[in-house]
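Q: Got a sequence here, can you build the structure:
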Amino acid sequence: MTTRVALLAELGVSSIGNDASAAQVIGMLEAGPGDVDVTILSREPAAAQKVLGQPAWDARAAWTYRGPLHASGVAKVVRLALDLMHLLRIAGRFDAIIVPGTGALEAGHGGLPRGTLLSLLLAGVAARCRRTPYVWLAVGGSRYTRRLTRWTVRAAAATACVRSYRDVVTLEAVRSAGVDTSRDVLMEDVVTGRASVPSPGPGAADGPVVVSVIDVPSASGAAQATDDERRRYRGEMSRFVAALLDRGERVHVVVSDAADVAVARQVVEEATRDKASATVTLRVPRSFDELLRELAGARAVVGSRFHILIAAALNSIPFVAVEHADKVGILSEDLGLGAYRVGVHTFRPEELVGSLDALLDKRDALSRDIRSWIDAAREQTLQGYDEVLARLASRGVTT
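A: From the prediction side, this is the model:
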């Protein structure tokens, strides 16, 4: 008997981390003893199908109205109602709906609930109405300060029959929203469950420094950073890269999210403007496997995006985190790299250079510690995954 599983997430949106998480869950499901048929539910179904190689359906209802009230509050309410009816129609076609290891519970610095967070709630309501088991698998979140956001999280959590998280801060944030998390499962990021992990190249100690920039978020939690925030970040990061070039470092600027490409190009341009022969390259990998290959052999990684740091860890490469979110700080602390992180809105180039040099002084020891952490993380992830499957099986869903 074939088990029909839907994976609900923001996939196919040029986020290597999201796509890698979904690909990992698909691989784990397909490696199980049962016959599993996976369908993607995403707001970008065509792109998700192309990236993940699975059938994909639109998670939203068709919406063609483009009149003068398109952006009004009334139109948004209508759109939510249509999305809910759409999900009600399709939820009953699956034996389970799984949210696969993305930052689905993130809400910035406590901003109003929107996007993925609302999709979680709507999908959960539809699943509950159709009696379809609804699972959060190693999802990530953030701290919530607004009452409406906490209410949305609490309501969405009530619809899930199995809940698991990729870090303790997410679990505590959900608990702070009024949810009983005593039976919820704590895992590591689902990508750490990969069966095969590359080893650093033989020349890693003499390899390049990988720098990964970010389309910097707002310090206030607003939907977008201000021009001043973006200008400051770009300028400081450009001066950091220029400082590395001035002392003869090879630098690879590697982008792990399409949103960061424009910033990366600006940083490279500004860092090399007055340098006749600068050894810096810009790389834009298209998948997590390509990202892993880009990092293999690097001396160190300096970056912000969560999954480029996960990729560095899988390669046993120590990193300096330019911290923009709780999940980045948690990962740094867990790996014993907390002493080398800097704040994305407050760092200075000389501070970042100092952190990198301190990290490189202990590179070999840190690499060994990272490898030990990855081994433990993989075990915890697989144990958590087995627990989730066992709870699904108790509801009659075998994968």
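
Q: Near the closest residue to Arg299 other than its chain neighbours, how many other residues are there?
A: Leaving aside its chain neighbours, Arg299 sits nearest to Gly207 (4.8 Å; criterion: C-beta to C-beta, 6 or more residues apart in numbering). Placement of C-beta: from N, CA and C, glycine included. Using other C-beta atoms under 10 Å, Gly207 has 19 other residues around it.

Q: Same check on Leu122?
A: For Leu122, using other C-beta under 10 Å, the count is 22.

Q: ok, it - contacts?
A: Leu80, Asp83, Leu84, Leu87 (C-beta atoms under 8 Å, 6 or more residues apart in numbering).

Q: Is it correct that the last one is in contact with Ala59?
A: I take that to be Leu87. Yes: Leu87 lies in contact with Ala59 (C-beta atoms under 8 Å); the separation is 7.4 Å.

Q: what is in contact with these two at once?
A: Going by C-beta under 8 Å, 6+ apart, residues that sit against Leu87 and also against Ala59 are Ala123.

Q: How about the secondary structure of Thr39?
A: What DSSP: H, G, I helix; E, B strand; the rest coil gives for Thr39 is strand.

Q: Distance check, it against Leu7.
A: Computed as C-beta to C-beta, to the nearest Å, the Thr39 to Leu7 distance reads 7 Å.

Q: what about the two, which has more around it?
A: Leu7 (30 against 19).

Q: check contacts around the residue sitting furthest away from the middle of the chain.
A: Largest separation from the mean C-alpha position in the chain: Ala276, at 37.2 Å (C-alpha atoms, centre = their mean). Not one residue lies near Ala276 by C-beta under 8 Å, 6+ apart.

Q: looking at this, it is in a helix?
A: No: counting by three-state DSSP, Ala276 falls outside a helix, being coil.

Q: give me phi/psi at the closest residue to Arg283 other than its chain neighbours?
A: Nearest non-adjacent residue to Arg283, counting by C-beta to C-beta, 6+ apart: Val254, 4.7 Å away. The phi and psi values for Val254, taken as degrees, to the nearest 10, are phi -120, psi 130.

Q: For Gly193, the count of nearby residues, please.
A: Neighbourhood size, Gly193 [other C-beta under 10 Å]: 23.

Q: And it, how far from Leu171?
A: 18 Å.

Q: Also Ala104?
A: 14 Å.

Q: Over to Leu356?
A: 32 Å.

Q: Tell me which of those two has more neighbours.
A: Leu356 (25 against 19).

Q: From what I see, the more buried one and Val302 are in contact.
A: Yes: with contacts counted by C-beta under 8 Å, Leu356 reaches Val302, the gap being 6.2 Å.
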